[in-house]
Structures are given as structure tokens and as C-alpha cells.
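**Q** Okay, structure incoming, though there's no sequence with it:
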């Protein structure tokens, strides 16, 4: 009993003499431990999602390589953002507690930091806007790696999606770096399905019914050759426009994302041959000639 009392008295004595040092050390130790645990949980969650996406787990959540790349990149990006939030959050809280331990007026510093942060935020508002826009792009899955998109200022295949900049390559091979804050609209051609639209401009005297039947027959033949690329049956929407010199009919076919170009090229070639064999005349090309009157 006396030994317990001696130990208890010694502990109180040590705490009274060294509390000014022990408390900051405990704050630092607990902050580092908390940060390590939270980061470990985030990394473990990211690792599990990536493992499942790659098909290494019990259940693979994605079968498409492009969809897998999108899921992996989005997961890693969100994991990086969460890790940064955890690190800075724990650091700020620990720093504030340490200042309080050393008798510093934290409220005054917070007010000053608020003014400084407002000034920095005003000067770096474009950077902040880019980062926030990048977060929403990633969280909402507006587009991802491999998607064919139109961002207004540039269009092409997305190669990288970052928090500040999106990288895409156009049909000429040029790599464009688009700031996320400058993206005001997104046209994604790779989500869900795409549609092949072919307008056939016939001569005004051509047999429209025969042309529609020929076009539909050719489209069904091409669709049968590309069952894995098309969705549903082709349709002829009939006459779209007509004038004294020409009549335009429209043929459509739904296709899977990023797979419509090959089908469309073959369909155009087959239509050209079939219409010529059926002796269905196309509208002649009209050339506009500008005449400059001489004074």
C-alpha cells in the first residue's frame, strides 16, 4: 500500500514539475498516431478498390480496361485528396493546441491568419477555382481516362485528369492542357452510347422510298457484321429536308461508346456502292461562284 502511495506521489510530483513539457509531447505523439492511423485506413481502402478493379480480388467490379483505368485513377485521386486533408487538418489542430500550451493567444492568431488567408485566396483565386473544379470533376465522374470529350476550348481523348489540369490529345496528335477552372461545359461522347447519323442527299427526282429501303437493307447487313459494336436495329427517319434540287433522308444507328467510327466508315462505303448499284442519283454538288463587277 505504501509502495502504491509512493508511486502515486512520485507521478504527481513529476507531472507538477514537467507538465509544461509532457503535455506538448503527448499532443505531438497523439497527433502523429492519429494521422498515421487515418492515412493507413485511406491507403487500405484505396488498395482494396484498386485490387478489385484490376480483378485481383474475389469480385471484379469493372470489365472494361478503360473503365478500370478510370476507376483506379479516380480512387487514387480521391485518396490523395483525403490524405492531404488529414495531414493538414491534424497539423493545424496540433499546432493550435501547442500554441495554447505555451500561452500564446490563439484567437488573435486565428484572426490574423484569417486576414492573411483572405489575401492569399484573393491572389490565388484562379488556382483555388481550378482545384475545386478538379475535385467536382473527379467526384462526379464527368469524364475519365480514355473518354472522347469536347471541352469547348479543346476536344479529343482524355489522357490524364488531375486536380488542376486535364490533359487530352486531339485527332491531330496535339496534347492539350486545359485548366479545370476554365471548363464551363463538357460534352462526353463515351458515356452510355453514341449514335451514327448519316444524311443522304438525293437528287430531287430520286425515288425516296427505294432509297430508304436500300439504305435500311445495307445498314442491317453492316450491323449484323458488327453485333458487338452496335446497339439495336438501324432506323431510317425519313425525309429531313427537301428543296427544288435535292432531298435529304436520314439513317441512324446506335453504337457502343468509342466504337461508332469504324462502323460509320464501313456503312458510308457500303451505302455509296449500294445506291450506285440501285441507280439512285445523289444530288449534284452546287458550286457558288462569286462574280466581281468591274467598275
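**A** Arrived safely. Keep in mind the model is a prediction, meaning the values are calculated, not measured. Numbering: from 1, shown residues only.
**Q** In this protein, where is pLDDT below threshold?
**A** 1-20, 53-70, 73, 104-124, 285-295 (pLDDT under 70).
**Q** Which residue ranges of it form strands?
**A** 148-150, 155-161, 165-169, 175-179, 187-188, 194-203, 230-242, 246-255 (DSSP state E).
**Q** Would you mind listing the buried residues in the fourth one?
**A** Neighbour counts using 16 or more other Cβ atoms under 10 Å place 176, 178, 179 of strand 175-179 among the buried residues. The C-beta positions use only the backbone N, C-alpha and C, and glycine is treated the same way.
**Q** cool, the third one as well?
**A** Using 16+ other Cβ under 10 Å as the burial criterion, the residues of strand 165-169 that qualify are 165, 166, 167, 168.
**Q** Give the pairing partners of that strand; include direction for each.
**A** If you go by DSSP bridges, strand 165-169 pairs up with strand 155-161 (antiparallel), strand 175-179 (antiparallel).
**Q** now the first one: how far from the chain's centre is it?
**A** Meaning strand 155-161. 9 Å (Cα atoms, centre = their mean, to the nearest Å).
**Q** for that strand, which positions count as buried?
**A** Using 16+ other Cβ under 10 Å as the test for burial, strand 155-161 gives 155, 156, 157, 158, 161.
**Q** and those, which two are the farthest apart?
**A** Longest distance between any two of the buried residues of strand 155-161 is 15.2 Å, between 155 and 161; criterion Cβ to Cβ.
**Q** Thought residue 191 was touching residue 149, still the case?
**A** No - at 9.6 Å, residue 149 does not count as touching residue 191 under the criterion of Cβ atoms under 8 Å.
**Q** I'd like the distance from stretch 151-163 to the chain centre, please.
**A** The answer for stretch 151-163 is 8 Å, by Cα atoms, centre = their mean.
**Q** Please list the residues outside that stretch that contact it.
**A** 73-74, 77, 81, 130-131, 134-135, 137-138, 143-149, 166-171, 174-176, 178, 180, 182-187 (Cβ atoms under 8 Å, 6 or more residues apart in numbering).
**Q** if we can go back for a sec, okay, the buried residues of strand 165-169 in JSON lines with distance to residue 93 next?
**A** Converted to JSON lines, the buried residues of strand 165-169 look like this (distance: Cβ to Cβ, whole Å):
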{"residue": "165", "distance to residue 93": "31"}
{"residue": "166", "distance to residue 93": "33"}
{"residue": "167", "distance to residue 93": "36"}
{"residue": "168", "distance to residue 93": "39"}
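**Q** Going by distance to residue 21, which of those wins?
**A** Relative to residue 21, the closest of the buried residues of strand 165-169 is residue 165; by Cβ to Cβ it sits at 46.4 Å.
**Q** Now the closest one. Nearest residue, chain neighbours left out?
**A** Nearest residue to residue 165, sequence neighbours excluded (Cβ to Cβ, 6 or more residues apart in numbering): residue 177, at 5.1 Å.
**Q** need the helices for this structure, in chain order.
**A** 2-53, 65-101, 106-123, 125-140, 208-225, 260-277 (DSSP state H).
**Q** what about those helices, which gets the closest to residue 251?
**A** Nearest of the helices of the chain to residue 251, taken as Cβ to Cβ: helix 208-225 at 5.0 Å.
**Q** Identify all contacting residues around the closest one.
**A** Residues outside helix 208-225 that contact it (Cβ under 8 Å, 6+ apart): 200, 202, 230, 233-236, 238-239, 247, 249, 251, 253, 263, 266-267, 270-271, 274-275, 278, 280.
**Q** For it, buried residues please.
**A** 211, 212, 214, 215, 218, 219, 222, 223.
**Q** Save those residues as JSON lines, and put in distance to residue 47 too.
**A** Listed next are these as JSON lines, based on distance: Cβ to Cβ, whole Å:
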{"residue": "211", "distance to residue 47": "58"}
{"residue": "212", "distance to residue 47": "56"}
{"residue": "214", "distance to residue 47": "57"}
{"residue": "215", "distance to residue 47": "53"}
{"residue": "218", "distance to residue 47": "51"}
{"residue": "219", "distance to residue 47": "47"}
{"residue": "222", "distance to residue 47": "45"}
{"residue": "223", "distance to residue 47": "43"}
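**Q** Relative to residue 35, which of those is nearest.
**A** residue 223 (57.2 Å).
**Q** Distance check, the closest one against residue 46.
**A** For residue 223, the distance to residue 46 equals 41 Å [Cβ to Cβ, to the nearest Å].
**Q** what do you get for residue 172?
**A** Distance, residue 172 to residue 46, using Cβ to Cβ: 36 Å.
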